[in-house]
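Visitor: Quick one, structure for this:
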Amino acid sequence: MLALALLGACSGERFATRPVGLVSPERAVDALVAQSRELAAQGDLSGATGALGRVLREHPSDPLAPWCRIATARLLLAQHPRGACTGTPEALAACDRGIAGFEDRARALAQEAAGAEPAVELQRALVLGLVDARRRDPQGFGRLEPLVGRMIDRAQHAEVECGVAELSLAAVDALEARATPTESGAPALPEALAAGRRRAAARALAALSAAEALAEDGVLWLPTGLVCDRAEDRARAVASLVSRVEAPEALTGALDALPARSGLRRLVARRLRQVAEDRGEIARYIRWLADLGDDEATLAPVVAERLPAALVLGVLAPVSGARASLGVMVVREAQLALAEERAVRILVEDEGVTQHDALGAFERLAAGGALAVLGPTQEELSAAVARRAQARGVPVWLLAPHEGADAMGPLVHPAGPPPGERAVALAAQVRRAGARVAWEAVASGGDASAFELRAREALALAGVTVTAPDGGPLGLHLVAGPVGPVAGSAFAARARAQPGRWFFDARSARPGTAGVWVGLAANEGPPFDAHLGRYCDVAGEPPGELGMLAYDAALEALRALRPAAPAPGPLLAHPWIVRAALVTAEEPSLAAARRCP
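Guide: Sure, this is the predicted structure:
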């Protein structure tokens with residue numbers, strides 16, 4: 001069970017988890033790393049740790065030393081799982097103290113690797129998050145959630161999901177411990193705590209399902225010492241958890257993730273049937289119940305073929321790499337928008353990073369029968385996709401429209417304001433506070449995004465001088481353009497002390513970040529509040545602006561393809577209003593800054 005991708009990252013070979021060019025100038029280092037990998041593959045984790053220890057003792061300044069510190073920390077966790085202690089109470093206590101000591105050592109090694117290049121930071125966050133998960137410390141969420149979908153190595157993706165599952169299960173237990181007896185003697189939770197438990201249970205189920213899918217696909221990972229390492233433990237956790245999941249979308253999401261041969265599918269399908277029956281919505285969820293035999297039917301035989309021919313809606317979004325979490329949000333919002341429609345199928349393709357990638361993905365959607373497409377999420381790809389959609393006769397709703405998108409033809413629909421309008425609004429807010437601002441976000445790959453160029457032009461016209469990040473606490477700071485989860489968390493921590501001096505394009509800020517946000521206003525009212533609660537139940541966090549644009553665009557596409565289809569109102573105010581709000585502990589009206597109820 002040893003997929004030593006992390007050790008692979010320490011070697012001089014080109015492994016996926018190591019940036020190209022990070023090599024050791026010392027042959028001795030490569031030899032020790034190779035020895036460590038060989039010992040680990042043979043199951044000798046102690047010997048593997050010792051070989052890496054020699055690298056750190058004898059070559060502490062080697063370019064590979066940060067990687068090897070992380071690998072050593074990860075091996076320490078694998079060798080000393082929690083729950084392995086046996087014996088008398090005194091022996092158990094002594095064993096637990098010893099394991100805690102190894103966890104402290106792993107944490108210290110990870111902290112020593114701080115400040116290295118970004119890929120090392122991802123590995124460091126994983127190790128620190130796993131230590132938190134083993135101790136059921138909720139701060140681990142802040143370390144692990146930004147890594148979901150971002151780890152290139154599938155084994156490490158499983159480790160991230162294991163940590164999130166453990167922390168979510170801990171949150172369920174902690175909330176249930178706060179229940180108070182009712183007159184009947186049964187424990188009950190106030191609604192606010194019950195909603196939190198539902199969200200935690202749904203998140204735990206999603207993480208366990210993801211880990212199960214990876215395991216069933218043959219992915220092996222270093223032991224984490226957590227509940228999802230072994231198949232039988234995953235099954236027990238799901239069996240005890242599934243009755244607490246009340247959102248049908250969380251259950252259908254788990255069924256979509258689990259492979260057909262997984263034994264967990266029937267557990268989840270039975271719970272979905274129960275929830276669907278309680279809501280009188282068996283017909284709506286019938287296609288997810290094919291795992292159940294007719295002998296378990298309560299209203300009608302479970303036959304997926306009862307569904308009419310599906311309308312196919314394509315979604316062009318990032319589903320891999322650093323922006324994968326954004327893609328998950330976009331797809332999830334499109335699914336929620338169309339959840340009431342039984343005969344709709346969503347087809348997803350990765351938009352990639354170049355126009356060639358996006359056009360290839362669009363062609364695959366069209367070949368798959370998509371009658372309309374949502375996406376892409378990058379202005380740089382928008383014009384090429386719009387031209388192809390017009391030529392192919394497939395309507396497209398651009399989630400990040402380029403300037404002039406509204407004049408490209410009847411099949412091209414901007415699903416939001418043009419970048420220039422947002423850039424001008426952002427520049428106006430900064431100018432009200434001062435004439436100099438530090439541009440904090442750095443576009444991945446070193447190339448400025450289309451929106452960044454627009455924003456810099458607007459700032460210059462507004463009389464604002466843009467400087468490089470200086471880390472100073474007294475100036476103004478601007479975050480706009482593509483921002484990854486790790487950088488977003490760092491900006492949020494810095495902005496907390498001076499929210500009035502930090503300015504965020506709403507698409508670049510993490511939920512709960514303090515500062516002046518510039519983005520789209522919510523379509524206030526009960527439908528928005530109901531959707532916010534529903535999304536939070538499924539995802540455990542509020543949706544971002546691009547996700548809400550995808551929700552509204554999916555409804556508009558549905559009305560265009562099926563004019564008679566009932567559809568709720570939009571989440572965002574129309575016509576789009578770009579406005580600003582100071583986000584602090586108070587609830588602002590800006591859509592993307594709303595918090596889970």
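
Visitor: Quick check on the residue of the chain positioned farthest from its centre: phi, psi?
Guide: Distance to the chain centre peaks in the chain at residue 88, reaching 42.5 Å (criterion: C-alpha atoms, centre = their mean). In terms of degrees, to the nearest 10, the main-chain angles of residue 88 are phi -70, psi 160.

Visitor: how much space between it and residue 99?
Guide: Remark: distance between residue 88 and residue 99 (C-beta to C-beta, to the nearest Å) = 17 Å. All C-beta atoms are positioned from the backbone trio N, CA, C, and that covers glycine.

Visitor: residues contacting the closest residue to residue 386 other than its chain neighbours?
Guide: Once flanking residues are discounted, residue 386 sits nearest to residue 412: 4.5 Å by C-beta to C-beta, 6 or more residues apart in numbering. Residues near residue 412 by C-beta atoms under 8 Å, 6 or more residues apart in numbering: 386, 389, 390, 395, 396, 398, 405, 406.

Visitor: do residue 580 as well
Guide: 425, 429, 516, 517, 518, 590.

Visitor: Okay, and which of those residues map to strands?
Guide: 516, 517, 518 (DSSP state E).

Visitor: For the second one, grab the count of nearby residues.
Guide: Spelled out, that is residue 517. Residues near residue 517, counting by other C-beta atoms under 10 Å, number 29.

Visitor: correct me, but it touches residue 592?
Guide: Yes - contact criterion C-beta atoms under 8 Å: residue 517 and residue 592 qualify, at 6.8 Å.

Visitor: show me where pLDDT drops low in the stretch 401-550 of the chain?
Guide: In the predicted model of the stretch 401-550 of the chain, residues 441-448, 470-474, 482, 484-486 satisfy pLDDT under 70.

Visitor: let's go with 90 and repeat that
Guide: Counting by pLDDT under 90, the stretch 401-550 of the chain contains low-confidence ranges at 403, 406-407, 409, 416-423, 425-426, 433-435, 437-456, 466-546.

Visitor: can you give me the offset of stretch 262-270 from its chain's centre?
Guide: Relative to its parent chain, stretch 262-270 has a centroid offset of 24 Å by C-alpha atoms, centre = their mean, to the nearest Å.

Visitor: I'd like the mean pLDDT over that stretch, please.
Guide: Regarding stretch 262-270, the rounded mean pLDDT is 86.

Visitor: which residues are contacting it?
Guide: Applying C-beta under 8 Å, 6+ apart, the set of residues contacting stretch 262-270 is 205, 208-209, 212-213, 216, 234-235, 238-239, 242, 251, 254-255, 258, 288-289, 291-292, 296.

Visitor: Please save the CA atoms from stretch 316-329 in PDB.
Guide: Only the C-alpha atoms of stretch 316-329 are listed here, as PDB (Å, rounded to 0.1, in the frame of the first residue of the first chain):
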ATOM      1  CA  LEU A 316     -16.600  24.000 -20.100                       C
ATOM      2  CA  ALA A 317     -14.700  24.500 -16.800                       C
ATOM      3  CA  PRO A 318     -11.300  23.800 -15.200                       C
ATOM      4  CA  VAL A 319     -11.500  20.300 -13.800                       C
ATOM      5  CA  SER A 320      -7.700  19.700 -13.300                       C
ATOM      6  CA  GLY A 321      -4.700  21.700 -12.100                       C
ATOM      7  CA  ALA A 322      -4.600  24.700  -9.800                       C
ATOM      8  CA  ARG A 323      -8.100  25.900 -10.700                       C
ATOM      9  CA  ALA A 324      -9.900  22.600 -10.300                       C
ATOM     10  CA  SER A 325     -11.800  23.800  -7.200                       C
ATOM     11  CA  LEU A 326     -13.300  26.600  -9.300                       C
ATOM     12  CA  GLY A 327     -14.500  24.000 -11.800                       C
ATOM     13  CA  VAL A 328     -16.100  21.900  -9.100                       C
ATOM     14  CA  MET A 329     -18.100  24.900  -8.000                       C
END
